[in-house]
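S.K.: this is a predicted model, with the sequence first.
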Protein chains: 4
Amino acid sequence: MLNLWFTEEWTPECRFSIKIKEHFHTEKSPFQQLDFFDSYEFGKFFTLDGIMMANEKDEFVYHDMISHVALATNPNIKKVLVIGGGDGGTVREITRYSHIEKIDMVEIDERVVRLCQKYLVQTSCKLEDPRVNLYFQDGLKFVEDAKEKSYDLILVDSTDPIGPGEGLFTKKFYTNCFRALSEDGILINQHESPYFDKEAGQMKRAHKRIKDLFPISKVYQFHIPTYPSGHWLFGFASKKYDPIADHKPEEWEKFGLKTKYYNSEIHKASFALPTFVKEMLEESE
Amino acid sequence: MLNLWFTEEWTPECRFSIKIKEHFHTEKSPFQQLDFFDSYEFGKFFTLDGIMMANEKDEFVYHDMISHVALATNPNIKKVLVIGGGDGGTVREITRYSHIEKIDMVEIDERVVRLCQKYLVQTSCKLEDPRVNLYFQDGLKFVEDAKEKSYDLILVDSTDPIGPGEGLFTKKFYTNCFRALSEDGILINQHESPYFDKEAGQMKRAHKRIKDLFPISKVYQFHIPTYPSGHWLFGFASKKYDPIADHKPEEWEKFGLKTKYYNSEIHKASFALPTFVKEMLEESE
Amino acid sequence: MLNLWFTEEWTPECRFSIKIKEHFHTEKSPFQQLDFFDSYEFGKFFTLDGIMMANEKDEFVYHDMISHVALATNPNIKKVLVIGGGDGGTVREITRYSHIEKIDMVEIDERVVRLCQKYLVQTSCKLEDPRVNLYFQDGLKFVEDAKEKSYDLILVDSTDPIGPGEGLFTKKFYTNCFRALSEDGILINQHESPYFDKEAGQMKRAHKRIKDLFPISKVYQFHIPTYPSGHWLFGFASKKYDPIADHKPEEWEKFGLKTKYYNSEIHKASFALPTFVKEMLEESE
Amino acid sequence: MLNLWFTEEWTPECRFSIKIKEHFHTEKSPFQQLDFFDSYEFGKFFTLDGIMMANEKDEFVYHDMISHVALATNPNIKKVLVIGGGDGGTVREITRYSHIEKIDMVEIDERVVRLCQKYLVQTSCKLEDPRVNLYFQDGLKFVEDAKEKSYDLILVDSTDPIGPGEGLFTKKFYTNCFRALSEDGILINQHESPYFDKEAGQMKRAHKRIKDLFPISKVYQFHIPTYPSGHWLFGFASKKYDPIADHKPEEWEKFGLKTKYYNSEIHKASFALPTFVKEMLEESE
């Protein structure tokens, strides 16, 4: 009966719209506008500045893919830094590994965390894990101040490079990540999408910057229908390990984690990119 | 200035909308309503009964993936039957193999073909190839009447199993395809999508029916953002060849075809399915 | 930034949509679904079962026109019954006449009143006036039980004749209103709209039923852009007074009320109907 | 099945949308973009630069109200100038008066006329009347060049004061109209709307400019649901005749014209304006 729709303009000429049950919270933080919704098709979800961040239906795809690829490449990761990721989904996946010792999470906007703790328990449920340290600071500054070689894994779970997420796509930021990573450190970063022009440009810029810094730099893909085009990428950059050559599926399987998207075949397969994506990335190199 | 939008309801609570430059043709054939559009983001496209069929921006994904996987598994395919595929994109890809001798295309609705020949030259451009025989008939009836073992490859490029496409998802149809295929024959079929409930149900039904008939039955995935959820599947069913075990990338590379989505890594990778998709398919078996 | 829209389908082929700042309350009462919004163009508004009821921008039109026409025809009205009108806007206008002694308001759904008292103070601000008696009952039953000739004015401020408002468009209801009205009593009722088919049918049915019962039965119009078509009507039915012949602008002006839509010229003018509306009403007689 | 919608943004936060059967013509003239549609609720309609001009369902309101008010005030009008009005609806109404000798129509964009003649016969059907002279010129220039006192009636049937219609809202234009009008001449002009801010501003500016020039200057209203807010106005400016004091309903009735919106009561009533509209106009004076 109520006819209320949230729309995200994937481009000025392409819209994705979700029927809303309730828009149960809105607020402007010093950084951005936060809105929380309940929907029929996607369950609860939240947006930052009107952009879909995470929803109950398909957040598992994003959080599986940002987390497990690195752990199945280097199962000895002990110290993890999550930049952004205020909904807690990335931390939730990382806490599933009992051998991990420390998870520092740096989110610029405390309100994202607090509201997700209140309204989006599915993702935020592990933020109280004793290994988790929350820092409400600028991620760019945090890695600048981080000790050299202090993390085995950095996960950049950022918004698009507009607004608060902008600094997390700069050369300066990636350089500091490199410095903060241990000898066998891995950087996973939000890598946008090849389909629409705006995200494709951001993808190419991010790729070029990381490629110039890390000896190993790959890109992998996955299906997340609620992000523009549903065709989304992460970057895998590393000082030592190659995600295919050093993939250790047997060791990862021993962790005994039940995952809904990720599995050992998907791990390898996700690095196989369509020709047009490969060409775009090569152009940018 | 003109604010005109085409919307496809991916579900009753999720809409995908495209800004239209011009809706330049509409017509009701005896089978369905056909509409042709020009758009900003996706170029020209057409719909059947209001459902997106093919657009200039991403039809290459669908037509690459329906065609080349089979040819890279059995490069000796000579006789091909295309069921549906009225826009001509599947035939276009198949005609690129000079060794292919015969391409029968059976489209129930001649108007789809004629209008695509007029308005969507990008896909329909090879329908005049001398090896192509057009039959404007019911595909279900055509395979029933086809000689035993008369095709090496059948490509089912159908609409969703509602309306004219319905028969192309029945056990009877698949049984007749099996009969019409040679000893080493391959069947590729439109396999819907795992993400939204309606398509997921259709996916499971199609999988069960084919699995029961063919010794080898696999499913592979790809990214096509203009279909519901952007996460789409084809089925690969075969009497003899396994798409992974019998993959012949070197032979396929010798054809020298430039493709925009498909490549030899994608070939293998596309058969690696997310865990939730694997589980859905297993449930249906 | 946030792209959230409320849509009312004026017909299945015509939509009116309002950009929403916040959807700050939703609830299902035993009678209907209630939703409260804040918007850019129309300020705060609420809907019942997804239908616009009142908004801060143009509620003054509706509440002026339902109230003052009767009072300028018979300035001696003392006892008023409001049926429906849960937002309080009609009562607010009536309370401005200090000579009025009693205002009974019968609203079937207490939650409408309570939520408007909380969220829509602009309309609900006079519900605490000592002359106002609130009854949370079925209006149909209330007038059935009302004493004969106990009211000088009955204002039927109902929803459309679907759902809880249905009984307030029946012959039985109008008959009881007639009985409950004093010798010079006036009935003003929500009379729908001539423009779209559904409301035009409701308009004709209501008119026929009242015409058959009251010696004087007229219809008057006004502009309220947030109701379907913006062209809306009230019915004026009376035992004795004619709204034009007995119009007493001088007496009404003495009340010294500042009104934003209604005035003495509008009073007369609103009974002049476009030819197509007159013909529709005549057809129904 | 086909889900295609035309939307007009009445304000950036309020949309009016019409379901489309077919968008059967689009073209850019040197002046503007022209689009023709067929719809379910409103029949055929056309837009200029994406703004609704006329549709088969309610054009009668606009064309009745622009034409008959002047003729019922001065039934001896012989020479008429229509500025704009390319759809022909205004001319159609004027040709119904057999005593009218000359109708000059000045439309800047010949394509509007030619396409309406092809596609919107309901409005354009009388453009071939022998008394009609079509001039495809700038209206502003045409009145500048017009002989003094050469017309009894000027009807300004323009678009909004943006784009080609802009000059038709200037003081210079109104001054030339005054000059071109006979001693008892009447000017009727498109006067926008009081409801939304943009149109209200245009209404006030137009009113001020005309008020300063003509001894008699009034504004009258009507319901046209497909224009922003549905609450629309015309200006009546005159050298001699007052539309109320000089209203000659008996003489007009003798013309024997069947009209669907206009009638002699509506004539008078339409000049009675809501208080908020009167105040807006007074502010501007």
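M.R.: That came through, no problem.

S.K.: can I take it that residue A:266 is in a helix?
M.R.: Yes: if the criterion is DSSP: H, G, I helix; E, B strand; the rest coil, then residue A:266 is within a helix.

S.K.: show me what contacts the closest residue to it other than its chain neighbours?
M.R.: Residue nearest to residue A:266 in three dimensions, not counting chain neighbours: residue B:272, with 5.2 Å by C-beta to C-beta, 6 or more residues apart in numbering or on different chains. Heads up, the C-betas are built off the backbone N, CA and C, glycines and all. By C-beta atoms under 8 Å, 6 or more residues apart in numbering or on different chains, the residues touching residue B:272 are A:263, A:265, A:266, A:268, A:269, A:270.

S.K.: for the second one, which non-adjacent residue is closest in space?
M.R.: Yep, that's residue A:265 we're talking about. residue B:272 (3.7 Å).

S.K.: for the stretch 101-250 of chain A, just list every one of the helices.
M.R.: A:110-119, A:121-124, A:139-145, A:171-180, A:197-211, A:249-254 (DSSP state H, counting those that start in this stretch).

S.K.: quick one, domains of chain A?
M.R.: Residue ranges for the domains of chain A, per automatic domain parsing: A:5-55, A:59-284.

S.K.: so which residue is smack in the middle of chain A?
M.R.: residue A:157 (3.2 Å; C-alpha atoms, centre = their mean).

S.K.: bridged to that one, which residues?
M.R.: Assessed by DSSP bridges, residue A:157 has beta-bridge partners residue A:84.

S.K.: next: residue A:102.
M.R.: With DSSP bridges as the rule, residue A:102 is bridged to residue A:79.

S.K.: so which bits of stretch A:111-125 are buried?
M.R.: Neighbour-count burial for stretch A:111-125 flags A:111, A:112, A:113, A:115, A:116, A:117, A:119, A:120, A:122, A:123, A:124, A:125 (criterion: 16 or more other C-beta atoms under 10 Å in any protein chain shown).

S.K.: confidence score at the last one?
M.R.: Right, the one you point to is residue A:125. On pLDDT, residue A:125 comes in at 98.

S.K.: chain neighbours aside, what residue packs nearest to it?
M.R.: residue A:92 (6.1 Å).

S.K.: and the one you found, that's in a helix?
M.R.: Yes: counting by three-state DSSP, residue A:92 is part of a helix.

S.K.: ok, the closest residue to residue A:156 other than its chain neighbours to residue A:123 distance?
M.R.: Among residues not flanking residue A:156 along the chain, residue A:189 sits closest, at 3.9 Å (C-beta to C-beta, 6+ apart). Using C-beta to C-beta, to the nearest Å, residue A:189 is found at 19 Å from residue A:123.

S.K.: next one: residue A:198
M.R.: Relative to residue A:123, and taking C-beta to C-beta, residue A:198 is found at 26 Å.

S.K.: residue A:50 now?
M.R.: According to C-beta to C-beta, residue A:50 stands 19 Å off from residue A:123.

S.K.: what about the residue in the stretch 51-200 of chain A that chain B sits nearest to, neighbour count?
M.R.: Closest residue of the stretch 51-200 of chain A to chain B, C-beta to the nearest C-beta: residue A:195 (5.5 Å). As a burial measure, residue A:195 scores 27 neighbours (other C-beta atoms under 10 Å in any protein chain shown).

S.K.: so who does the residue nearest to residue A:119 when sequence neighbours are not counted touch?
M.R.: Spatial nearest neighbour of residue A:119, excluding adjacent residues (C-beta to C-beta, 6+ apart): residue A:36 at 4.9 Å. Contacts here follow C-beta under 8 Å, 6+ apart; on that basis residue A:36 touches A:23, A:24, A:25, A:26, A:44, A:45, A:46, A:115, A:119, A:120.

S.K.: am I right that the fourth one sits in a strand?
M.R.: Yes: judged by three-state DSSP, residue A:26 forms part of a strand.

S.K.: what is the burial count for it?
M.R.: With other C-beta under 10 Å as criterion, residue A:26 counts 19.

S.K.: sorry, back to before: residues in contact with the residue nearest to residue A:156?
M.R.: The neighbours of residue A:189, taking C-beta under 8 Å, 6+ apart as the test, are A:155, A:156, A:158, A:168, A:174, A:206, A:210, A:234, A:235, A:237.
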